[in-house]
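Colleague: here are the coordinates; sequence isn't available:
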């Protein structure tokens, strides 16, 4: 990544740090992401995974915070792998042309609990015509 690209992106908290015993607890609320362009880089970190447990992440997009028109987003670099070990770190990229304005993370848990999991995104906000475009 070039310096101008790195300086242009903004962090987005898609799923705040949490521990989860089941999929419902590993699912976030919709976060507004209107006004971002290009690619969303999503970074998932899972600190701890119980024995015989896996977590598989997915991003969904919708027209509103209530999930209206919800659809699964397709990563550009393949689906999320199953997090089955401690200190699991993964990255996926999404073309924001799929974005309907709101996104949420769903972590499907099979087995027991996971701990210290979070999902952060990096994306570039759209700049007005009055600003310099990197």
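Modeller: All right, it came through fine. On a predicted model such as this, the values are computed, not experimentally measured, just so you know.

Colleague: return the residues in contact with residue 18.
Modeller: Residue 18 makes contact with 25-26, 117-118 under the criterion C-beta atoms under 8 Å, 6 or more residues apart in numbering. In short, each C-beta sits where N, CA and C put it, glycine included.

Colleague: meant to ask about residue 3, not that
Modeller: Residues near residue 3 by C-beta under 8 Å, 6+ apart: none.

Colleague: before we move on, back to that, now for the contacts of residue 18: which two are most distant?
Modeller: 25 and 118 (13.2 Å; C-beta to C-beta).

Colleague: okay, those two: which has more neighbours?
Modeller: Neighbours were counted for residue 25 and for residue 118 using other C-beta atoms under 10 Å; residue 118 has more, 17 against 14.

Colleague: nearest spatial neighbour of the more buried one, skipping sequence neighbours?
Modeller: Spatial nearest neighbour of residue 118, chain neighbours left out: residue 17 (4.6 Å); criterion: C-beta to C-beta, 6 or more residues apart in numbering.

Colleague: the one you found: what secondary structure?
Modeller: Secondary structure, DSSP: H, G, I helix; E, B strand; the rest coil: residue 17 is strand.

Colleague: please verify my assumption that it contacts residue 117.
Modeller: Yes - counting by C-beta atoms under 8 Å, residue 17 touches residue 117, with 7.3 Å between them.

Colleague: tell me who's in contact with the residue nearest in space to the middle of the chain.
Modeller: Nearest to the geometric centre of the chain sits residue 42, at 4.4 Å (C-alpha atoms, centre = their mean). Going by C-beta under 8 Å, 6+ apart, residue 42 touches 14, 59, 75, 91-94, 105, 119-121.
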